[in-house]
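K.L.:
compute the structure for the input listed below.
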Amino acid sequence: MSESSEEQSPPDTALVAPRPRYLRGAAILWVIFAFLKLVDNYDGILSFIGAPFVATFMTLVAMPLALLMGLVLRWPAACSWWYSSRRPAALMLTLTMILIFFAQSLGLGERIIDEVDGGSYFVMYGAVSLPSFLGMVFAIVYWPARSGQQGRKQALE
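P.N.:
Sure thing, here's the model as predicted:
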């Protein structure tokens with residue numbers, strides 16, 4: 001065997017070490033999920049015990065979806081538009097937050113009555129809640145850095 005065939009290339013560090021944006025995005029999502037768990041059906045101390053577990057589970061579900069959605073940034077036109085300034089990310093985050101927080105006022109859901117406790121709850125339509133939630137996750141995870149060049153370089157690597 002030749003000497004060149006025995007040499008192995010170093011491992012791809014992009015697959016081994018997570019980028020800071022993913023860690024930062026996961027931490028922000030974890031805080032959001034923990035807060036939402038505490039706001040939803042507050043049960044006293046049980047909510048405080050369960051919130052970290054729910055937040056961890058939801059972050060583990062949301063992050064792979066955000067990473068799959070981030071593949072669109074491999075396309076140079078989308079990448080240069082997204083990282084050109086913070087406006088596209090801020091616009092997406094603002095629109096998704098408006099949809100999430102004002103869905104009831106906008107009539108984007110329905111009110112259901114729980115048969116067990118008789119409570120009335122508002123539930124967003126799935127066609128509204130899932131895209132707006134995933135858009136929020138995408139905007140948080142792929143928030144452009146101060147210098148757009150750095151984000152573009154990372155996305156195209």
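
K.L.:
which residue is the nearest non-sequential neighbour of residue 22?
P.N.:
residue 141 (6.6 Å; CB to CB, 6 or more residues apart in numbering). Every residue, glycine included, has its C-beta placed from N, CA and C.

K.L.:
and the one you found, how far from residue 135?
P.N.:
11 Å (CB to CB, to the nearest Å).

K.L.:
between these two, which has more neighbouring residues?
P.N.:
Taking other CB atoms under 10 Å, residue 141 and residue 135 do not tie; residue 141 has more neighbours (23 against 18).

K.L.:
surely the more buried one meets residue 21?
P.N.:
Yes. If you go by CB atoms under 8 Å, residue 141 and residue 21 touch, sitting 6.4 Å apart.

K.L.:
residues of the lengthiest helix in the chain that come out buried?
P.N.:
As assigned by DSSP state H, the longest helix anywhere in the chain is helix 45-69. When burial is assessed from 16 or more other CB atoms under 10 Å, helix 45-69 yields the following buried residues: 47, 51, 54-55, 58-59, 62-63, 66.

K.L.:
and if you look at stretch 80-88?
P.N.:
Those would be 82-83, 88, for stretch 80-88 by 16+ other CB under 10 Å.
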